[in-house]
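Chemist: following is a predicted model, sequence given first.
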Amino acid sequence: MNKLSRIFRPFHIPPKKKIKIFKEKDTLSKGYKLLSNYGIIGQSSTGMYHVLPMGQRSIDKLIKLISSQMKLIGAQKMSQPLLTKQSLWEESETFEKSKDELYIITDRAENRFILSPTHEQALTNLLSRELMSYRDFPQLLYQITPKFRNEHRPKLGLLRSKEFLMKDLYSFDINEEEAAKSYNKVSQAYENFFQLIGIDYCRIECLQEQNVNRSHEYYYISDVGDDKLYSCDHCNSKFHEDYVRSKNKCPSCLSFLNEDHFVNAIEIGHTFSFGTYFSDHLGSCYVNIDCKRSPLHMCSFGIGISRLISASVEILSTDEELRWPLAIAPYSVCIIPPKAGSREEIEVELLLPKIYELLEGIPNLNDDILIDDRTEKTIGKRFLEAKLFGFPFIIIVGKDATQETPLYELHDLNNEKKYLMPMSLLTQYLVEQMHFDDSNINIVLS
């Protein structure tokens, strides 16, 4: 059984008389304060954070969700070195415009390396050494690794940090048409992933930049976001502020855009189509049907895994209580048994393992149930903490469970509902609520 008393979770309930702990710039983010106060993350230094056991469980769930989508489209998981030779960035002409945000390391032989914020250069270089046939493509290669950016203004915890966990995928194809198919396939998988999380998001087309043929960004709407998105009053399409400054017209209906109608947003994903840019600079080719060398077409796709944790709770939480998307809550169910020494304790003691085993048999609840075994505390105090932490479902096993027909108090926090019901109805309710999977999601495989 998972027991709360055994989990490392520095849990601090702020006093009613507020004590100034955070810098003024961070007080805007309730998500950051809650994640820090309730033992999800812990600051190591400016812009650097420990992810504590509860936070790691949430990240592991995110990784499982995105990996399931990658498997459906045939993407292959790999790992790349965190250090990339600076010379590759120079050869690809990407070093100068990025060097202010790069961590550069010099080894004892005076070789210079970059703590990678992205891996287009490294992976393209790898493929330049492997002359493959046109029959070997497409290739969809992804990883989930720490990335590094020398942020000038790190803030709001994991929303803008110097080290962050990212899922990045790189596709390689033999021509522009095939690259477009890969771009659409991975983009659809990304949309499926965001649907599984269950928070409303928007996908917007970006202005074409140098070296980029096509690009889209994914956003959560939030007051603490650094980006501004504008909406067209006529067709409701959304655009980044860079687009408005550049064109000031909606590309969908050609109406003029109102610069006063914007919302703040947090970027959670980005997709790029680079064409043959990196291949031309770093020499990655394949052998075509005529036995001649041709440059590979490349696309790049990224999702900020650690940022998603902060962004999710920022959007869903209250000022004092965490709220999690059901699919990525550290534990979905918290069971609160009677206080030690109470009349109910002995009667429930034998019942508790059976309840735990029964609930673990529900789909998506295996190893996802936590017992608050700190029975020296009252049920009320433990329930208050469970609400603050935001366990989606809290089950109180109290005096009603000792009746001839045992009844259990179920709190559904995300839907703000409370029930008193027998175990048969409780399990039926959880089966219905925990049914989030890929069965009703559109998967594009071509």
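Modeler: All right, it came through fine.

Chemist: which parts of the stretch 151-300 of the chain are strands?
Modeler: All strands of the stretch 151-300 of the chain, identified by DSSP state E, counting those that start in this stretch, fall at 163-173, 202-205, 214-221, 227-231, 238-240, 262-275, 285-287, 293-295, 297-304.

Chemist: highest mean neighbour count out of those strands?
Modeler: Comparing those by mean neighbour count (mean count of other C-beta atoms under 10 Å), strand 297-304 comes out on top with a mean of 25. Placement of C-beta: from N, CA and C, glycine included.

Chemist: roughly how far does Gly361 sit from Leu426?
Modeler: 13 Å (C-beta to C-beta, to the nearest Å).

Chemist: give me the more crowded residue out of these two.
Modeler: Leu426 (21 against 10; other C-beta atoms under 10 Å).

Chemist: quick one: average confidence on whatever helix or strand that one lives in?
Modeler: Applying DSSP states H and E as the criterion places Leu426 in helix 423-433. The average pLDDT within helix 423-433 is 96.

Chemist: who does Glu267 form a beta bridge with?
Modeler: Taking DSSP bridges as the rule, Glu267 bridges to Tyr219.

Chemist: Gln208 versus that one, what's the distance?
Modeler: Taken as C-beta to C-beta, the span from Glu267 to Gln208 is 18 Å.

Chemist: still on that earlier bit, wait, which of the strands of the stretch 151-300 of the chain is closest to Lys399?
Modeler: Proximity to Lys399 (C-beta to C-beta) singles out strand 214-221 among the strands of the stretch 151-300 of the chain, at 42.4 Å.

Chemist: and for that closest one, what's in contact with it?
Modeler: By C-beta atoms under 8 Å, 6 or more residues apart in numbering, the surrounding residues in contact with strand 214-221 are 183, 187, 190, 194, 199-209, 225, 227, 229, 240, 263-273, 303, 311-312, 315.

Chemist: is Lys418 part of a helix or strand, or is it coil?
Modeler: In terms of secondary structure, Lys418 is strand; the call rests on DSSP: H, G, I helix; E, B strand; the rest coil.

Chemist: tell me what it is bridged to.
Modeler: Under the criterion used here (DSSP bridges), Lys418 is bridged to His411.

Chemist: show me what contacts it?
Modeler: Neighbours of Lys418 in contact, by C-beta under 8 Å, 6+ apart: Glu409, Leu410, His411, Asp412.

Chemist: residue contacts, the third one?
Modeler: To tie it back to what came earlier, the one meant is His411. Phe383, Lys387, Phe393, Ile394, Ile395, Ile396, Lys417, Lys418.

Chemist: so the protein: which segments form each domain?
Modeler: Taking automatic domain parsing as the reference, the chain has its domains at 24-223+265-316, 331-433.

Chemist: make a markdown table from those domains and add distance to Leu254 to it.
Modeler: Putting those into a markdown table (distance: least, C-beta to C-beta, whole Å) gives the following:
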| stretch | distance to Leu254 |
| --- | --- |
| domain 24-223+265-316 | 15 |
| domain 331-433 | 41 |
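
Chemist: and the longest helix seen in the chain, which residues are buried?
Modeler: Counting by DSSP state H, the longest helix found in the chain is helix 176-197. Buried residues in helix 176-197, counted by 16 or more other C-beta atoms under 10 Å: 178-180, 182-183, 185-197.

Chemist: tilt between it and strand 163-173?
Modeler: When axes from the mean of the first three to the mean of the last three C-alpha atoms, to 10 degrees is applied, the directions of helix 176-197 and strand 163-173 differ by 140 degrees.

Chemist: ok now helix 176-197, how far from the chain's centre?
Modeler: Using C-alpha atoms, centre = their mean, to the nearest Å, the mean C-alpha position of helix 176-197 is found 17 Å from that of the whole chain.

Chemist: helices and strands around that helix, which ones?
Modeler: Under the contact criterion of 3 or more C-beta pairs under 8 Å, 6 or more residues apart in numbering; DSSP states H and E, helix 176-197 touches helix 53-72, strand 163-173, strand 214-221, strand 262-275, strand 297-304.

Chemist: hmm, try it at 10 Å
Modeler: helix 53-72, strand 139-148, strand 163-173, strand 202-205, strand 214-221, strand 262-275, strand 297-304, helix 305-316 (3 or more C-beta pairs under 10 Å, 6 or more residues apart in numbering; DSSP states H and E).

Chemist: need the ones you listed in JSON lines (columns: distance to Arg129).
Modeler: Output for these, formatted as JSON lines (distance: least, C-beta to C-beta, whole Å):
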{"stretch": "helix 53-72", "distance to Arg129": "25"}
{"stretch": "strand 139-148", "distance to Arg129": "14"}
{"stretch": "strand 163-173", "distance to Arg129": "14"}
{"stretch": "strand 202-205", "distance to Arg129": "35"}
{"stretch": "strand 214-221", "distance to Arg129": "28"}
{"stretch": "strand 262-275", "distance to Arg129": "19"}
{"stretch": "strand 297-304", "distance to Arg129": "16"}
{"stretch": "helix 305-316", "distance to Arg129": "29"}
